[in-house]
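Visitor: fold the following and give me the result.
(chains A and B)
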Amino acid sequence: MKIMNPPETNDPLDALLREQDKYIEDNGFTARVVAALPRRRRAWLRPALLLGAVAIGSVLAVLWLPWGDLPVLDLSALLSLDSQMLMPWVLVLSVMAALVWGTISALEWED
Amino acid sequence: MSFTDADLIARVLSREDHNAFGELVRRYQSPVRGFLARMTRGDAHLADDLAQETFLKAWQKLQTYRGGARFSTWLFGIAVNEFRMAGRRRKELAWEEVDESSMEPVEPAAARDNHLRLDLTEALKLLNSNERAAVVLCCQNGLSHEEAAQVLDCPLGTVKTNILRGKEKLRRRLAIAYENYESA
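Guide: Okay, here's the model as predicted:
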């Protein structure tokens, strides 16, 4: 079976190369491949599990993170590098980044 | 009634239809096995093993085929990867540089006689794997340079260079006066 359009060319070497491209008889090859087919992996399973984990993580984040106690950040607080001011924000931002990363990974999953 | 590739792929994805996949294998076994036979320098047994692996990978990864490229182009991409992996295991298959000393032109008379086809088969074996892959994909299987670049996962310019170099080596090896070939 010739599956593609040969390039338009007058090069005799191209003609010779195409001439050599002979059809190979199946001779049981297809049957061997089909007999060896494994069960297909369920492509949706892993991203679905990842999305589930993200959903659970989101619920836990809403419940457990100290949303009401977050200190107000201004420029002087940022510049002071005061860990008591910054750590709650670092924690919140880390959790949010992990959740966003998990969501993107699940949506772009390719097996 | 004949199904299109897209119909068959849809059946495989939705119903895990072995018969539909078998039809795809039947359609493309010849070009894939032929390509791999060239890449393995005529080792038909190894080529068939790699071709079988290629189709099994295609079965496993079919949901990643987006339909942007032709199915055959996608299959050739898997076949190239299988060949490269085999090359890592078997030294003689590596993407080696050709030994220029083996490229001495043969006697012109030998190229003109009816062994021309045999000479071409042997000459192809002397190209390095990059050149051979580019020449076989584009000049034998009719892929465009862009498709070959996609299959070989390399820049378009590299494909063009490999084709030019490969064909130049073939011409030198065959030592053909093309007018003679055309008149033969």
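Visitor: which residues does stretch B:136-148 contact?
Guide: Contacts with stretch B:136-148, where a contact means Cβ atoms under 8 Å, 6 or more residues apart in numbering or on different chains, come from A:2-7, A:13-14, A:17-18, A:20-21, B:31, B:34-35, B:38-39, B:69-70, B:72-73, B:76, B:124, B:133-134, B:151-152, B:156, B:159-160, B:163, B:167. Placement of C-beta: from N, CA and C, glycine included.
Visitor: the residue most central in space within chain A: which element?
Guide: The residue lying closest to the centre of chain A (Cα atoms, centre = their mean) is residue A:109, at 3.2 Å. Following DSSP states H and E, one finds residue A:109 outside all helices and strands.
Visitor: touching, it and residue A:46? I think so.
Guide: Yes: under the criterion of Cβ atoms under 8 Å, residue A:109 makes contact with residue A:46 at 6.3 Å.
Visitor: would you list every one of the helices in chain A?
Guide: For chain A, the helices defined by DSSP state H occupy A:12-20, A:29-35, A:45-64, A:75-80, A:83-107.
Visitor: with just CA atoms, put stretch A:89-97 into CSV.
Guide: This file holds the C-alpha atoms of stretch A:89-97, laid out as CSV (Å, rounded to 0.1, in the frame of the first residue of the first chain):
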residue,chain,number,x,y,z
TRP,A,89,1.8,33.9,53.6
VAL,A,90,4.5,31.6,52.4
LEU,A,91,2.4,28.7,53.7
VAL,A,92,-0.7,29.9,52.0
LEU,A,93,1.0,30.6,48.7
SER,A,94,2.8,27.3,48.7
VAL,A,95,-0.4,25.4,49.2
MET,A,96,-2.1,27.4,46.5
ALA,A,97,0.8,26.9,44.1
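Visitor: for it, which positions count as buried?
Guide: Of all the residues in stretch A:89-97, those buried under the rule 16 or more other Cβ atoms under 10 Å in any protein chain shown are residue A:95.
Visitor: stretch B:138-156 now?
Guide: By neighbour count on 16+ other Cβ under 10 Å, the buried set for stretch B:138-156 is B:138-145, B:147-152, B:154.
Visitor: ok, residues contacting stretch A:21-38?
Guide: Applying Cβ under 8 Å, 6+ apart, the external contacts of stretch A:21-38 come out as A:1-2, B:18, B:21-22, B:25-26, B:29-30, B:33-34, B:37, B:48, B:51-52, B:55-56, B:59-60, B:140-141.
Visitor: 6 Å - rerun?
Guide: By Cβ atoms under 6 Å, 6 or more residues apart in numbering or on different chains, the surrounding residues in contact with stretch A:21-38 are B:18, B:22, B:25-26, B:29-30, B:33-34, B:52, B:55, B:59, B:140.
Visitor: closest residue of chain B to chain A?
Guide: Using Cβ to the nearest Cβ, the closest approach of chain B to chain A is made by residue B:142 at 3.6 Å.
Visitor: any idea how far that residue lies from residue A:74?
Guide: 66 Å (Cβ to Cβ, to the nearest Å).
Visitor: for residue A:28, same thing?
Guide: Separation of residue A:28 from residue A:74 (Cβ to Cβ) stands at 76 Å.
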